[in-house]
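>>> For reference, the sequence and a predicted model appear below.
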Amino acid sequence: MTYETIMAGFGGQGLLFSGKVLAHAALIENKELSWLPSYGPEMRGGTCNCSVIVSDDPVGSPIIAHPNVLMVMNEPSLDKFEDTVAPGGTIFVDSSLIERKVRRTDVTVVYIPATQMAKDMEAVSLANMIILGAIVQKLGCVKPETLTAAIKETISARKAALLDLNLKAVALGENFIAG
Amino acid sequence: MAIVFQKPKSLTDVPYHYCPGCTHGIVHRLVAEAIDALGIEGKTIGIAPVGCSVMAYDYFKCDMIEASHGRAPAVATGVKRALPDHVVFTYQGDGDLASIGLCETVSTACRGENVTIIFINNAIYGMTGGQMAPTSLIGQVTQTSPYGRDPKTQGMPIRICELLATLDAPAYLERVAVNSVAHVRQAKKAIHKAFQNQVEGKGFSLVEVISTCPTNWGLTPEKACQFVEEKMIPFYPLGCFKDKENGK
Amino acid sequence: MSEKVLMKGNEAIAEAAIRCGCRHYFGYPITPQTEIAAYMSKRMPKIDGTFLQAESEIAAINMVYGCAATGRRAMTSSSSPGISLKAEGMSYLAGADLPALIVNVQRGGPGLGGIQPSQSDYFFMTRGPGHGDFHIIVLAPATVQEMADMTRLAFELGEKYRMPAMLLADGTMGQMMEPVVLPEDTVDPATIPATKPWATTGTEMKRAHNIVNSLYLKPDELEKTNYERFARYAKLEAEECRWEEYLMDDAEVCVVSVGITARVAKNAIVAARKEGIKVGMIRPITLFPFPKAALAKAAAKVKGFLTVELNMGQMNEDVKLAINCAKPVNMCNRVGGMIPSADEVLAAIRKEAK
C-alpha cells in the first residue's frame, strides 16, 4: 500500500512538522518514504504544504500529483487540491477553519473541528497534530504507537515541555475517529 | 671579513622583473627581512595579487599562492582558517586591494582575521600600462584619465587606512613610504610589527606603503621619489591609524 | 554500518561532507540551499572545524581556493545566481588544479529568476563554469542517499583527478527528506593534506617552496597545461562515467533524465509499461563526464529518445551529440520552477512510442 499524503494550509499551522512526524513514524517502521515541503517566502500567513509518501515499495517521485490522503487547514488549500485527490481517497478537513463542504462525491471526507478542539485544550497550534492522529487512526498508514515514538524523537529537547501536549493532541484526533 | 649587507634568506635568487626605480623591490626586501627576523619562513604562506607583483610567488622562498584580482584577503582567510598556527600574508596593489577587492579587504579587516596585508599604493595600475587607480590623485594624468582625474566624473581618491580605522576589529593600520632612507626605516619597523602582531595572535594588520611607478608616472626614479614627497604624502599622510595594543 | 536517518538532501550533503573529513565550509545564504550553511554553522564549531559566512559568493569560493591550496577538503554551496558569482573562483581552482567541492542546488533563472527547482544551469556547469578551457566534475544525485554518497565521491574524484567537483542538484532534491544511510565517519581530516605534496602548508624549511598558481605567461607552457588537463578529462571519461539504466533491456523508447525529473519519469515509465509501452531510462549520474558511450549503445536499439528536463533543452543537445543524431531526440520539459507531472511525461512517452 502507498499513502500519498498532502498536508496543506497556512504557514505557521505546523503542516511541515506534522508531515515530518508522519515521515519519521514511517522510518521507524522501516517503510519507504519521502517528505517534500513547499518552500520559499511563504512561511507565516502564506499558503504552505508538504507531501509525504509512505509506502511498502520504493518511492519514485516525491512529487504527488494525485494524493490519496489530503489534509487541509484552510479553504484556499481545499480549493487548490480537492480536484487532484485520487478517486477513493480521503480528505481530512479542519471544519473549524473551512466553512464549505467538499464537492467531490468519489472520496471519503472526514470533517474534524481540529482548531476548536485545540483551542479547547489551550494549544491552538496543535490542530495539525489532532488531524494527524485522526489520519493515522482512520487509515492505519502507520501504527499509533509508532506515531507516539516518532513524536518523542522529533520534538527537540528545548521544546520538551510541548511533548505531552503533542501526545494529547494526537490522542484527541485518534479518539475523534475511534469514538 | 664581516658581512655588512646580504640578501634576506627568505628571498629566492630569481631576478625581479620590476622596472628600474620601482619600489616593489624595496618592499619585497622589507617583507623578507621581517620573515627572516621572526624566523617564520618555514611556516609562512604568502598570497600574491594580480598586478605588477603578480609574480611575487617566484621571489619569496615561502609557500606561495596566486590569487585572482582582489581576492587575496579571501584566499588568505581560507589558508589561515586551515592553518591557524601559520603566518599568512597578502601583498596587494591599489587596484587589487582598494578597487576590485575592496569588499574582501573591508570584510577581512572587519572579521579581524589574523593575517598581514602589505598594501602597495602607487596611485596607478602598473601592470596593465598606467590606468587610473582608486588612489590616483586629483588631476593625475593616466591612460584612462588623460585630462587628469576629475572628481566630478571620476570621484575622489580613497584613503584605505583612514577607511579601515573606522572599524573596531583591525589591530594595526599604518601608512609608510619608501621614497627616502628615513621612510624606508620606518616602513621596515611597520612591516615587522605587522608580521609580529600575527605571530602573537593580535589580529588584522595592514601596512599601506606609498610607492612609486616611475614608468607609468613618466618620471625618473629620483623625480618619482620627489613626487611621493610633494604630492602623495600630503594627500596620504604617513603615520599609524590604529594600534589597538597601544590604545590607538 | 550507520543507521538509517531521515534528513533533507541539503543536510545529508553537509553531514556527509563532515564524515568525509571536510572541516572547512565557506558560504553565503541563498534559497534553496541555505540548510547546508545552517547545518554547518551548528556542527563545525563542535568538531574544531570552520564555518564561515563570507561577505559574498566570490569571497566564499576564494576562501575555498585558499583552504584547498593547503590540501584540506574544503567546500562551498550555493544556488544558481550565487554560482554565477563563483564562476571566477571555479576557473582559478581549475587553473591551479585544486580539488574542492561546490554544491549547486539549482533554481530557475536567468537573472534573479525564482527559487523553485530548475536544471537550467546544465550548460553552465557541464561546459566549464568560468573563463578558459576547463571542466569540473559534475555529479547529479537523484535521491537523498545519492546526495550523501556523491559528496564522498566528489571529494575522492576531485582529489584523484585534481579538479573541482560539483554536486548539481535542484531545489526539490535539496529540500526533500528521505531515509539515508550516511557514510561511515572514517576519514581523519588530519591525514588528507599529507597525500597532497603540492599543498602550500609551509615549507618547514624542509623542501623548496610550493606555488599554487594558474598564471603562465609563456603561451607554450600554458598550452601544455591545457593539453595535460584535457588528457586527465579523457581519463576521467574513460574510467569514471556513471549512469543508471532502468528497464532498458527491451526498451524501444529511451527516456534520458537526471535528478528530480528522473524520478518523475520513473513513475511515468511504470505507468507506460502497464500500457505495454516498451520504455526505459538512462539516467546520467555523471554529467561531466557525460555517459556518451551508454547512450550511443542504446541508440543502436531504440527507436528514439525523450529527454525530460527542467530547462529549454540543454541536456537534449548532449544526447544528440552522444548518439551523433542517429535517432530522434525529443523533449518533455518545464521551466521557471515548474516540474512536469508524471502524466505529462506519460503523454510524451505515448507520443514517442507511436
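Yes, it's here.

>>> can you pull the buried residues of stretch B:77-93?
Applying a neighbour-count criterion of 16 or more other C-beta atoms under 10 Å in any protein chain shown, one finds B:77-83, B:86-93 buried in stretch B:77-93. For the C-beta atoms, the positions are set from N, CA and C on the backbone; glycine is no exception.

>>> tell me which parts of chain A are close to chain C?
Within reach of chain C by C-beta under 8 Å from any C-beta of the partner chain, chain A has these residues: A:20, A:23-24, A:27, A:30, A:32-37, A:39-41, A:59-63, A:65.

>>> Please read the previous query as pertaining to chain B.
Near chain C, when you scan chain B using C-beta under 8 Å from any C-beta, you find B:12, B:41-45, B:47, B:54-55, B:57-58, B:60-68, B:71, B:74-83, B:86, B:103-104, B:106-107.

>>> one step back: now, the buried residues of stretch B:77-93 that are in strands?
Members of these lying in strands (criterion: DSSP state E): B:87-93.

>>> Switch these over to JSON lines; also include pLDDT.
Converted to JSON lines, these look like this (pLDDT from 0 to 100):
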{"residue": "B:87", "pLDDT": "98"}
{"residue": "B:88", "pLDDT": "98"}
{"residue": "B:89", "pLDDT": "98"}
{"residue": "B:90", "pLDDT": "98"}
{"residue": "B:91", "pLDDT": "98"}
{"residue": "B:92", "pLDDT": "98"}
{"residue": "B:93", "pLDDT": "98"}
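
>>> The longest helix seen in chain A: which residues count as buried?
As assigned by DSSP state H, the longest helix anywhere in chain A is helix A:163-178. Of all the residues in helix A:163-178, those buried under the rule 16+ other C-beta under 10 Å are A:165-167, A:169-174, A:176-177.

>>> does the residue minimising distance to the centre of chain A belong to a helix or a strand, and which?
Nearest residue to the geometric centre of chain A (C-alpha atoms, centre = their mean): residue A:132, 4.4 Å. In the assignment (DSSP states H and E), residue A:132 maps to helix A:127-139.

>>> re the thing from before, considering only the buried residues of helix A:163-178, which also neighbour chain B?
Answer for these near chain B: none qualify (C-beta under 8 Å from any C-beta).

>>> Name the nearest of those residues relative to chain B.
Nearest to chain B among the buried residues of helix A:163-178: residue A:166, at 41.0 Å, using C-beta to the nearest C-beta.

>>> Surely the closest one and residue A:155 touch.
Yes. With contacts counted by C-beta atoms under 8 Å, residue A:166 reaches residue A:155, the gap being 6.3 Å.

>>> And for residue C:111, nearest residue in space, chain neighbours not counted?
Closest residue in space to residue C:111, ignoring its immediate chain neighbours: residue C:81 at 7.6 Å, by C-beta to C-beta, 6 or more residues apart in numbering or on different chains.

>>> Against chain C, how distant is the residue nearest to the centre of chain A?
To chain C, residue A:132 is 16 Å away according to C-beta to the nearest C-beta, to the nearest Å.

>>> isn't that residue right up against residue A:20?
No. At 10.3 Å, residue A:132 does not count as touching residue A:20 under the criterion of C-beta under 8 Å.
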